[in-house]
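1. Here is my input; please provide its structure:
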Amino acid sequence: MNGGPEPISTAARKALEQELAELRTERATVAATLNGGDEVGDRADQADELQRGTELDHLDTRIAEIDGRLREADVAGAPSTDAVGVGSTVTVRFADGLETTLRISEFAEAEDRTLVTADSPLGAALLGHHAGETLTYDPPGGRTIVLVLSVGGDGGKS
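-> The predicted model follows:
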């Protein structure tokens, strides 16, 4: 990632929006259990109140992170079709001749075998590259060469 506002794929946006809705619901539930400054009973009650307060702080932190990421994605706009970035669809050819089309995402989806996360060895190596460029990367099995055949935007799928 380039340090500036990064685009976000459609699937990643939906996942973040769903997580945000769930966190807000959970936060409301936890907040409703707090006494709001009333005197708490015994030490067990005080410890429970403290734990719920800590949980509320964690929920607020994650909510702020997601809100910030979604705002950043709005500023960044659509994924680039020139250079590989988060949200790009990339067709590559590996050294063994295998060609495949991949999607670059921030988040892994177990059921999607065409998805590569931006922080994986291949995803990180592809970021910033253009069609026609050859690059090497170091997956767990050893150094591999890959040719970028084409770069496209998200097309609403990734």
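2. CA only for contacts and neighbour counts going forward, please
-> Noted.
3. which stretches of the protein form strands?
-> 89-94, 99-105, 115-117, 134-137, 144-152 (DSSP state E).
4. how about the second one as CSV, C-alpha atoms only?
-> Coordinates of the C-alpha atoms in strand 99-105 are reproduced here as CSV (Å, rounded to 0.1, in the frame of the first residue of the first chain):
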residue,chain,number,x,y,z
GLU,A,99,-2.2,-18.3,-16.3
THR,A,100,-4.8,-17.2,-13.7
THR,A,101,-6.8,-14.2,-12.8
LEU,A,102,-6.7,-13.0,-9.2
ARG,A,103,-8.3,-10.3,-7.2
ILE,A,104,-6.3,-8.2,-4.7
SER,A,105,-8.1,-7.6,-1.4
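5. same for that strand, what does it pack against?
-> Packing contacts for strand 99-105, counted by 3 or more CA pairs under 8 Å, 6 or more residues apart in numbering; DSSP states H and E, involve strand 89-94, strand 115-117.
6. Out of those, name the one with the poorest average pLDDT.
-> The stretch with the lowest mean pLDDT among the helices and strands packed on strand 99-105 is strand 115-117, at a mean of 84.
7. Great, nothing more from me.
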